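**Student:** Below are the sequence and a predicted model for it; my questions follow.
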Amino acid sequence: MIQRIQTVYFLLVICLMAVLWFIPVTVLHKPELIGIAILALTAIFLFKNRKRQILLGYIILLALLLDYVAFFVWKFDPAVFASGIVTFLIPFVAGVFDFLAIRGIRKDEKLVRSLDRLR
């Protein structure tokens, strides 16, 4: 489980959500941070079911994207944006790590399918 690179990426997503928990100016609200972190933790433990793991990865990516869109549509304040640019970049980096995790899971799935064809 821990030796797979996508597990490391999901752990990085969890760590970034934990960092955002302690920063006062964030794009995401506290329940959303907890939800995304729980989804990433669940995805780690679904290592035997790669299709469901990919689905959870896409759900995390969609949640991050929807929160960004909602923030810029309803709550955007240029003063807050200028003072806390790092808090706007952390969810983006979490999304990149989530995308890399999905890519790693797909690579594993492709490898397993190719090995099944050889048998």
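**Tutor:** Ah, there it is. Note that the structure is a prediction, hence the values are computed from the model and not measured.

**Student:** how close does Phe45 sit to Asp108?
**Tutor:** The spacing between Phe45 and Asp108, counted by C-beta to C-beta, to the nearest Å, is 15 Å. Every C-beta, even on glycine, is put in place using the N, C-alpha and C of the backbone.

**Student:** now stretch 107-119: how far from the chain's centre is it?
**Tutor:** Between the centre of stretch 107-119 and the centre of its chain there are 26 Å (C-alpha atoms, centre = their mean, to the nearest Å).

**Student:** buried set for that stretch?
**Tutor:** Across stretch 107-119, burial judged by 16 or more other C-beta atoms under 10 Å covers Asp108.

**Student:** could I get stretch 17-37 in PDB with only the CA atoms?
**Tutor:** Extracted C-alpha coordinates of stretch 17-37, given in PDB (Å, rounded to 0.1, in the frame of the first residue of the first chain):
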ATOM      1  CA  MET A  17      -5.500  20.100   3.400                       C
ATOM      2  CA  ALA A  18      -4.100  19.900   7.000                       C
ATOM      3  CA  VAL A  19      -1.900  22.900   6.300                       C
ATOM      4  CA  LEU A  20      -4.900  24.800   5.000                       C
ATOM      5  CA  TRP A  21      -6.800  24.000   8.200                       C
ATOM      6  CA  PHE A  22      -4.400  26.200  10.200                       C
ATOM      7  CA  ILE A  23      -4.200  29.100   7.700                       C
ATOM      8  CA  PRO A  24      -6.900  31.700   8.400                       C
ATOM      9  CA  VAL A  25      -7.500  32.900   4.800                       C
ATOM     10  CA  THR A  26      -8.400  30.000   2.600                       C
ATOM     11  CA  VAL A  27     -10.300  29.200  -0.500                       C
ATOM     12  CA  LEU A  28     -12.000  26.200   1.100                       C
ATOM     13  CA  HIS A  29     -14.200  26.100   4.200                       C
ATOM     14  CA  LYS A  30     -13.300  23.800   7.100                       C
ATOM     15  CA  PRO A  31     -15.900  21.100   6.300                       C
ATOM     16  CA  GLU A  32     -14.700  21.000   2.700                       C
ATOM     17  CA  LEU A  33     -11.100  20.500   3.800                       C
ATOM     18  CA  ILE A  34     -12.100  17.700   6.100                       C
ATOM     19  CA  GLY A  35     -14.200  16.100   3.300                       C
ATOM     20  CA  ILE A  36     -11.400  16.200   0.800                       C
ATOM     21  CA  ALA A  37      -8.900  14.800   3.400                       C
END
